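In: Take a look and give me a structure for this.
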Amino acid sequence: MIAADSCVVIDLLEGLDTSQVSKLAELLSSANAVLTPATLTELLSAPKPQRLLEDILPNFIVLDIDDGYWERAGALRAKVLRAGRKAPFGDALIAQSCIDADVPLLTRDTDFAAFAKLGGLKLA
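Out: Predicted coordinates for the structure are as follows:
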């Protein structure tokens, strides 16, 4: 299983031809694509919703939030910020969900590199 970041899901919906989109299509066809709760929220809260989003959402598994998640996410974000790196709140939530579930994240967002280096996030 691999978690998809919202940027990759949006790229898929927009019909872009990237290596990440190809990987996501493969994951969806094999029922191995997951979303973090924060990613699902990002996708559903877009001011201009993607017409095809509701068609593909049932093909994703949504990760659960485990006890202590919020504390771990806060500690992860603090660690990245203390290192002088960018740590957007939503990205910290996504990274912690992936770390907890031990699933890599498929993204093109370079901000996640700090979570990988400092927090153990695996990138696909």
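
In: Quick one: find the helix or strand in the chain with the lowest mean pLDDT.
Out: Of all the helices and strands that make up the chain, helix 53-56 has the lowest average by mean pLDDT, DSSP states H and E, namely a mean of 87.

In: Dump that one to PDB, keeping only the CA atoms.
Out: The C-alpha coordinates for helix 53-56 follow below in PDB (Å, rounded to 0.1, in the frame of the first residue of the first chain):
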ATOM      1  CA  LEU A  53     -13.300  13.000  -7.600                       C
ATOM      2  CA  GLU A  54     -16.400  11.300  -6.300                       C
ATOM      3  CA  ASP A  55     -15.900   8.600  -8.900                       C
ATOM      4  CA  ILE A  56     -12.400   7.600  -7.700                       C
END
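
In: Give me the helices and strands touching that helix, please.
Out: Counting contacts by 3 or more CB pairs under 8 Å, 6 or more residues apart in numbering; DSSP states H and E, the secondary-structure elements packed against helix 53-56 are helix 6-13. Backbone N, C-alpha and C define where each C-beta goes, glycine included.

In: could you dump the helix or strand following the helix it packs on to PDB, C-alpha only?
Out: From helix 6-13 onward toward the C-terminus, using DSSP states H and E, the following helix or strand is helix 19-29. Coordinates of each C-alpha in helix 19-29 appear next as PDB, following Å, rounded to 0.1, in the frame of the first residue of the first chain:
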ATOM      1  CA  SER A  19       5.400   9.200 -13.300                       C
ATOM      2  CA  GLN A  20       3.500   9.800 -10.100                       C
ATOM      3  CA  VAL A  21       0.200   9.700 -11.900                       C
ATOM      4  CA  SER A  22       1.200   6.400 -13.600                       C
ATOM      5  CA  LYS A  23       2.100   5.000 -10.200                       C
ATOM      6  CA  LEU A  24      -1.200   6.100  -8.700                       C
ATOM      7  CA  ALA A  25      -3.200   4.600 -11.600                       C
ATOM      8  CA  GLU A  26      -1.300   1.300 -11.000                       C
ATOM      9  CA  LEU A  27      -2.100   1.500  -7.200                       C
ATOM     10  CA  LEU A  28      -5.800   2.200  -7.800                       C
ATOM     11  CA  SER A  29      -6.100  -0.800 -10.200                       C
END
